[in-house]
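Novice: I would like to see how this sequence folds:
(chains A, B and C)
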Amino acid sequence: MTARVTACLSRIAALTLSLSMIAVTLTGCWDRTEINDLAIVLALGIDSPEGKGILLSAQIYSPRQSGGGSPSGSSEGTASGTTIVKSANGSNLAEAMSRLQRKLSRHVFWGHSEAVVIGQSAAKRGLREYLDFLLRYSQFREHAYVYVSQQPAKEILAQLPSLERSSAEAMREMGIMKLGARVTILDLAKSIEGPGQSAVLSRLKIPPPEEGKDKLASIPYIRGLALFKKAAYIRTITEPLSIGMLIMLNQLEDIVFSVQPDNNSKGVVAIKPSTINTTLTPRIRNGVWSIQAHVKARGDIVLNTTDLSLAAPNQVKDIEKLWKEKMTGIVQSAINLAQKELKTDFFGYAAEFRRHYPKQWNANLSKWESIYPNIETGLQVDVLIMRSGKSESPQGVPDETIIHK
Amino acid sequence: MMKQGEISLAQMNIMIYPAILATSILSVPSITMAHAGHDMWLSPFWGSLVGLLTVFVALGLNKLYPDRTMIEASVSILGAVPGKLFGLIYMLYLPHITGLIIRTYGEFIISNALPQTPMYVIMGTMVLVCAINVRSGIEVIGRSAQIFVVLFIFLAAFLFVLLIGELHPADLLPIGEKGLRPSIVGALAPAAWFSEFILIAFLLPFVHNRSKVVRKSMLSVLYVTLSMVVTNVVCLLLMGDMTASFVYPVMIAARYITIADFMQHLEALVIALWISGIYVKISTFLYIYSLSIAQWLGMKDYRPVVIPTAFLCTVFAYWIARGKSDISSMISASANIYTLVMLLILPALLLGIGAIRKKIQKQRKGQTSP
Amino acid sequence: MTKSFRGPMKRMPFHRQAHMQRGSAPSPILSPHLKDNVTALRAIYSEGSDVTFHTFHIHQAVEAVLIFHSTLCDTELLDRQILGPLIAWNPDSLLIDAAAIAGILPISSSTIVATLEEASLSISGGHPLLLLEGSSCALTFGLSKSEHRNVEEPTAEATLRGPREGFTESLAVNISLLRKRLKNPNLKMVSISIGEYTRTTVRLAYLEGVIEPSIVKEVMRRLSAIETDGILESEYIEEWITDQPKSPFPQMLSTERPDVVCANLLEGRFALLIDGTPFALVAPVTLFSMLQSAEDYYQHFIMSVFVRWLRYLFYILSLLLPSAYVAITTYHQEMIPTVLLLSVAKAREEIPFPALIEALIMEIAFEALREAGVRLPKQVGAAVSIVGALIIGQAATSAGIVSAPMVIIVATTGIASFMIPRYSAGLASRLLRFPIMLLAGTLGLIGMMLGMIVIVIHLCGLRSFGVPYLSPMTPTSSGLWRDVFWRSPIWANRNRLRGRHNGIKSGTPIIARQSSKK
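Specialist: Purely as a prediction, here's the structure:
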């Protein structure tokens, strides 16, 4: 009898349960957003026109313009015209974002913004606000690359490069290729909040349009570096200082150094480094703080317009020597800039001291500002030319003129 | 003793592994770092001492009464009324901790995956699934745990392997920049989690091959410790000193993965698989609570109480906190001491009284027999 | 705890009342008077019956009657081997009894029956019955004959390499196919007849000394508890005796291949051969054995391992792929690589339905096409697949009703479900796909995960004749779980006997399902 009642009750319970499950399934879908209802943001730009407030721009993918009219999937849409840029004002980033949403008929989806461009004007306001928002609001990617732009960020986003699907794609690819300093949001926050309290970002520039081409069709490229001290923008540097900076940051990858062997004033030898590796070794001796920077470079010769034959070891040695001098000069000037002029620890000296001399570091934490400019930086550059390319002797000259020695 | 199926020793350890790690893996790195600073990866080692202590208490209780869970043993040790009172403490504490676990799950899902979905749906579906599991008996809990823990471990390993490229080994230094003290203070949070090893005292009566239990339990503590250390180290090497500033550092780590433009933003996958861990944890606690209530009330079968207890725990999950900040305070220092009292000190007292009574009994026997 | 099993209502068919009150009331014994017996049998085979009563005299003296279904027995042999010799027989005395006749007839199988029930059973079974005046025993001859197919290649379980013989509808042929392969006296075939009306012969085949004896006992218990009117196919038996008939996962393997049955017998399982169907049932099985094909053991082991892994992958895909698509595109768009997301967005732009509805429509359409294709004759079937796949698919995408990615997903799911070697094992993933899709549409990947957890809970609780369905994975049997992921070379697989493959250890408790009997 009781068994019957329990069986009956359990059946009722099961029925109610399944009914409520069905109800949940049918009325549910609280967080569901169809792709059709998304405005996919590929990159975001932050500007601060006239230093007041925030202008948030979003580069949004527009499926309609990209040949969505024919659903059979054939890609009729040209590479250009697939993105639109929308922007909104606000006294802070969160406000601007909600205003931007109000301007659009679709849910703004930031989960795919692979690049963050901060206009120089906005950079001058300091990065704190942006960083906090980007690391708090859940949709943003911590892995997005951060750039500073000379022109307003909105203009960078508005570019429709003919080579890539969008300028966001271009910026992401440049980040992956390490054409400048490759800095993600997380890296940026780490380096500003870390003991060094500084940051280095790549700086984007839009080249003037080629004649007869659309003004929007040029690809923004990386030119120079923007330097930050405690989240505040302080300066922009360009080559060759930026190269020295990148070498010290261990971030340099694609570059060519040209040296001029002095016995032949006309020709140059161009060397493309395959690896450049920089290590910093801190040392505290008798209360004197010093850093030994050791730059190790290996490279191949890619061009030789001199008459020197590269088969001769002593000539390669000469070229190596010249290359070494050139690099030492570049790096030294970057060190001088950081230590003497800007007094900002871009290269992570502080982190090195903290790692290896934690006691002294903790004791002198408050005095670091005064210690840093006086740290002796010993620079040692080791270079090695590994290969000379397909040819050994210079090409395009008669054999007699080549100097074999 | 209601013997409704048995599990193997390995299955018990497998159930305990996510019962400790599933929630700790989320928040322990940042909580530990708040106190231990840069040395937070050392803290789990200190915390594991508490784990070992708990294991010994649990094994000691089991040695006194091999076929009784802690609730049953308390009656045998303390006598009927004090024993039932002792049990009553746990009748009140177990829904509290189970509710907290369920709430942690709910908060995590809401803040990371489904912000619009009502809390009752998120917690309700999970508790329902766990209740089904618990009703199917301990064998099914053990077996499903086996499957999902393997998944859980693979996931964690996979995640960490994908992150190797992004790690900066140099960030491990300096070690002990402010001495060992901070890392010991920071061990309080992991210690509270380690005290959950008291689960052994509830589960061991159902284990059929108990011959190697001491060694295997120690290994279990070791595995949990290593997992925590690896988690903390990965967070430290990826995020450095920023680890403490995130609520769920492991989630940030998962979001940071980008492999070949194809595998990226794996956090939804990570959440989905993490559920497999939390599912084992909620099931285990729900089982223990249902079992304890049934034993405390002297019922023959725990199954009828599963649905009511599941409901009660869900209600507790609502009661205990208003928002994420309340939850955070519940896993902070004072709450950790509360957990330690309930899961380590009270059982240890019980063990002490039990051991003394056994000794007295023996002496009496020794006096009367000659 | 265990749900009591509700069988069909106990019915008392007329047939049963007529002549088989087994157990309770003893069946009437044959009388020594021929007339009485013939009258009784004529009463049973009265109207609408095709039983022949042939009266003749042995040596022109003793009256005898041969009763038989002319359609069921070999009349030619009957005339030549029985009727002829009997008429020509010159016995020493006229006091002849059944045993004496059996001694002189050139026929190897003859049985003496004493009751009316046995007599009518043998007539219905196609065995001619000989009644003699003055004898209270009758004689039946094993001369039944029925039409059956030749042994052909099994169509549902084709392999590239391996034996091409398949079972037929004839039990005798099937038994010979098995005996031919397992030449060992330990191969036992216990016979039991089931079904009040059909009296279907079921043979329980097992290898004595290899199988766990308690399993055989349990099967016999379950088989004898069956009370039904008829058994027409193996599924009838399967539903009666499986542990959890409500589970979508098959707990018995049905196969047409004698080599598969033999392999399973060697691994300590039992098989049920059922008269009238080419499908044999094999149990106990596990989920992993359901996902193995006979061919796994007929090709190079590395290839087998590869295929095995592929199969697991696609089994999971066939269950989860549409749900994963729905969950990711509607909940977790950040997981999709950017470029892919943009393509999907472009393709989906014109689609009027939400992804979940789109997936449901397509999946149901696919299942319908598949079912239609199975039932249709071969020539028409091709047309259906062309119409279904090409025209509907192409037209639906170009009309903007379904998106191209969804078509790809559904097609892949379809292919994946064809990867599963056993049709019955694929049913579970085909069915469970839909609830998981709904969950994925409600809670995203979390819903999917919850659905998976429920399935795993169900699988963990499932047993096939006492063997846990997920063994040897869980509960883990040492060393055996390797076979799930790795097929070692045959020579390395030394302990193949004694049920190693399904993880049966001696003393495995069998949780018996409550039988329908109170």
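
Novice: I figured residue B:204 hits residue B:210, correct?
Specialist: Yes: between residue B:204 and residue B:210 a contact is recorded at 6.9 Å, counting by CB atoms under 8 Å. For every residue, glycine as well, the C-beta is placed using N, CA and C.

Novice: for chain B, which spans come out with low pLDDT?
Specialist: Scanning chain B for pLDDT under 70 picks out B:1-4, B:260-261, B:323-334, B:367-370.

Novice: so how many other residues sit close to the residue of the stretch 101-250 of chain C found nearest chain A?
Specialist: Closest to chain A within the stretch 101-250 of chain C is residue C:246: 12.3 Å, counting by CB to the nearest CB. Neighbour count of residue C:246, defined by other CB atoms under 10 Å in any protein chain shown: 8.

Novice: what do you get for residue A:332?
Specialist: Look at residue A:332: counted by other CB under 10 Å, it has 15 neighbours.

Novice: tell me the SS of the spatially closest residue to residue C:334 that is not a sequence neighbour?
Specialist: With CB to CB, 6 or more residues apart in numbering or on different chains as the criterion, residue C:334 has its nearest non-adjacent residue at 3.2 Å, and that residue is residue A:111. In three-state terms, and counting by DSSP: H, G, I helix; E, B strand; the rest coil, residue A:111 is coil.

Novice: what's the burial count for residue A:111?
Specialist: Residue A:111: 20 neighbours (other CB under 10 Å).

Novice: I'd guessed it sits against residue A:139; true?
Specialist: Yes: counting by CB under 8 Å, residue A:111 does reach residue A:139; the two are 4.8 Å apart.

Novice: which residues do those two both contact?
Specialist: Common contact partners of residue A:111 and residue A:139 (CB atoms under 8 Å, 6 or more residues apart in numbering or on different chains): residue C:334.

Novice: quick one: the strands in the stretch 101-250 of chain C, in order.
Specialist: C:110-113, C:129-132, C:138-141, C:187-194, C:200-207 (DSSP state E, counting those that start in this stretch).

Novice: residue A:207: which of these is closest?
Specialist: Closest to residue A:207 of those is strand C:200-207 (CB to CB; 82.3 Å).

Novice: residue of the stretch 1-150 of chain A nearest chain C, please.
Specialist: Evaluated by CB to the nearest CB, the stretch 1-150 of chain A has residue A:111 as its residue closest to chain C, separated by 3.2 Å.

Novice: need phi/psi at the spatially closest residue to residue C:208 that is not a sequence neighbour.
Specialist: Among residues not flanking residue C:208 along the chain, residue C:186 sits closest, at 4.4 Å (CB to CB, 6+ apart). Main-chain torsions, residue C:186, degrees, to the nearest 10: phi -70, psi -10.

Novice: tell me the pLDDT at the residue of the stretch 1-150 of chain A closest to chain C?
Specialist: pLDDT, residue A:111: 84.

Novice: give me phi/psi at it?
Specialist: Torsion angles, degrees, to the nearest 10, at residue A:111: phi -60, psi -10.

Novice: equivalent analysis for the one 4 residues further on, please.
Specialist: The phi and psi torsions at residue A:115 (degrees, to the nearest 10) take the values phi -140, psi 140.

Novice: ok, now residue A:34?
Specialist: The phi and psi torsions at residue A:34 (degrees, to the nearest 10) take the values phi -70, psi 150.

Novice: ditto for residue A:152
Specialist: Dihedral pair for residue A:152: phi -60, psi 140, per degrees, to the nearest 10.

Novice: tally of neighbours for it?
Specialist: 22.

Novice: residue contacts, it?
Specialist: A:45, A:47, A:49, A:55, A:119, A:121.

Novice: for the strands of the stretch 101-250 of chain C, which one sits closest to residue B:107?
Specialist: Using CB to CB, the nearest of the strands of the stretch 101-250 of chain C to residue B:107 is strand C:200-207, at 55.8 Å.

Novice: tell me the average confidence for that closest one?
Specialist: 91.

Novice: other SSEs contacting it?
Specialist: Here strand C:200-207 is seen to pack against helix C:171-181, strand C:187-194, helix C:213-224, helix C:258-266, strand C:270-274 when contacts are counted using 3 or more CB pairs under 8 Å, 6 or more residues apart in numbering or on different chains; DSSP states H and E.

Novice: got the angle between the fourth one and helix C:171-181?
Specialist: Helix C:258-266 and helix C:171-181 meet at an angle of 60 degrees, taking axes from the mean of the first three to the mean of the last three CA atoms, to 10 degrees as the criterion.

Novice: residues in the stretch 1-150 of chain B within reach of chain A, list them.
Specialist: Within the stretch 1-150 of chain B, the positions near chain A by CB under 8 Å from any CB of the partner chain are B:111-118, B:121, B:125, B:128.

Novice: which of those fall within helices?
Specialist: Of these, the ones assigned to helices by DSSP state H are B:111-112, B:121, B:125, B:128.

Novice: residue A:202 belongs to a helix?
Specialist: No: using three-state DSSP, the secondary structure at residue A:202 is strand, not a helix.

Novice: was I right about it contacting residue A:148?
Specialist: Yes: in this structure, residue A:202 is within contact of residue A:148 by CB under 8 Å, at 7.2 Å.

Novice: find residues that contact each of those two.
Specialist: residue A:226.

Novice: who touches the closest residue to chain A within chain C in this structure?
Specialist: For chain C, the residue closest to chain A is residue C:334, as judged by CB to the nearest CB, at 3.2 Å. Contact analysis of residue C:334 by CB under 8 Å, 6+ apart lists A:109, A:111-112, A:139, A:141, B:265, B:267-268.

Novice: quick one: end-to-end distance for stretch A:257-270.
Specialist: 6 Å (CA to CA, to the nearest Å).

Novice: which residue ranges form the strands in chain B?
Specialist: B:258-259, B:263-264 (DSSP state E).

Novice: whoops, the stretch 101-250 of chain A was the one
Specialist: A:107-109, A:115-119, A:145-149, A:198-205, A:221-229, A:232-237.

Novice: same for the last one, what does it pack against?
Specialist: To tie it back to what came earlier, the one meant is strand A:232-237. Packing contacts for strand A:232-237, counted by 3+ CB pairs under 8 Å, 6+ apart, involve helix A:120-124, strand A:221-229.

Novice: do the same with the fifth one
Specialist: For strand A:221-229, the elements it packs on are helix A:120-124, strand A:198-205, strand A:232-237, helix A:241-248, judged by 3+ CB pairs under 8 Å, 6+ apart.

Novice: mind putting the contacts of residue A:152 into a markdown table with pLDDT, distance to residue A:294 and neighbour count?
Specialist: Output for the contacts of residue A:152, formatted as a markdown table (pLDDT from 0 to 100; distance: CB to CB, whole Å; neighbours: other CB atoms under 10 Å in any protein chain shown):
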| residue | pLDDT | distance to residue A:294 | neighbour count |
| --- | --- | --- | --- |
| A:45 | 88 | 39 | 29 |
| A:47 | 87 | 41 | 28 |
| A:49 | 83 | 45 | 14 |
| A:55 | 87 | 44 | 22 |
| A:119 | 86 | 37 | 25 |
| A:121 | 84 | 39 | 19 |
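
Novice: how many other residues sit next to residue 182?
Specialist: Because you didn't say which chain, this covers chain A. By other CB under 10 Å, the burial measure for residue A:182, its neighbour count, is 17.

Novice: you answered for a different chain; I wanted chain B.
Specialist: 21.

Novice: one more: residue B:44?
Specialist: 29.

Novice: in contact with it, which residues?
Specialist: B:28, B:32, B:187, B:190, B:225, B:228-229, B:232.

Novice: out of the residues you listed, flag the one nearest to chain A.
Specialist: residue B:232 (16.9 Å).
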